[in-house]
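Engineer: Quick one: sequence plus predicted model below, questions after.
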Amino acid sequence: MTDVEDVLADRGVDFDSAFAYALSPAMVRLIIVFLAGWLLLPVGLLVFFTPELVVGYSGIVREAVGMIIGLVIIMGAGALLVGGLIGALFKTIADANRYATASA
């Protein structure tokens, strides 16, 4: 696959250049981060609201520990989800500004 900058330098933005940009290594990493958060969030919510699935039914302390584990998973998943989304948006805006400056 050609480099994103080479594709954009040759011609304006069309489907091929947009597809090459979406599959650039930096964007793929940000999409993977977003998808990891998207997949972990339901797991964290499940563990938080049903801690007996993780630690069993033997008391309030074990259920509290299960809820804490679920909360940690939720916080991590939320950070991945928001970080991937915001990172992809900022990268898109920064690259668009760089492209506009170079083409002007």
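Structural biologist: Arrived safely, thanks for sending.
Engineer: pretty sure residue 49 is in contact with residue 70, am I right?
Structural biologist: Yes. Using C-beta atoms under 8 Å, residue 49 makes contact with residue 70 at a distance of 7.3 Å. Quick note: C-beta positions are derived from backbone N, CA and C, even for glycine.
Engineer: So if I had to pick from these two, which one is more boxed in?
Structural biologist: Comparing residue 49 with residue 70 by neighbour count (other C-beta atoms under 10 Å), the higher total belongs to residue 70, at 21 against 11.
Engineer: Let me know the secondary structure of residue 78.
Structural biologist: helix (DSSP: H, G, I helix; E, B strand; the rest coil).
Engineer: Count the neighbours of it for me.
Structural biologist: 14.
Engineer: who touches it in this structure?
Structural biologist: Counting by C-beta atoms under 8 Å, 6 or more residues apart in numbering, residue 78 touches 37, 41.
Engineer: ok, so what distance separates it from residue 26?
Structural biologist: The gap separating residue 78 from residue 26 is 22 Å, by C-beta to C-beta, to the nearest Å.
Engineer: What backbone torsions are found at residue 56?
Structural biologist: phi 90, psi -170 (degrees, to the nearest 10).
Engineer: correction: residue 41
Structural biologist: Dihedral pair for residue 41: phi -60, psi -50, per degrees, to the nearest 10.
Engineer: Tell me if I'm right that it and residue 79 touch.
Structural biologist: No. Using C-beta under 8 Å, residue 41 is not in contact with residue 79; the gap is 10.5 Å.
Engineer: the more surrounded of those two?
Structural biologist: Neighbours per residue (other C-beta under 10 Å) separate residue 41 from residue 79, with residue 41 holding more: 17 against 13.
Engineer: residue contacts, the residue most central in space within the chain?
Structural biologist: Compute the mean C-alpha point of the chain, and by C-alpha atoms, centre = their mean the closest residue is residue 34, 1.4 Å away. Residues near residue 34 by C-beta under 8 Å, 6+ apart: 80-81, 83-85, 88.
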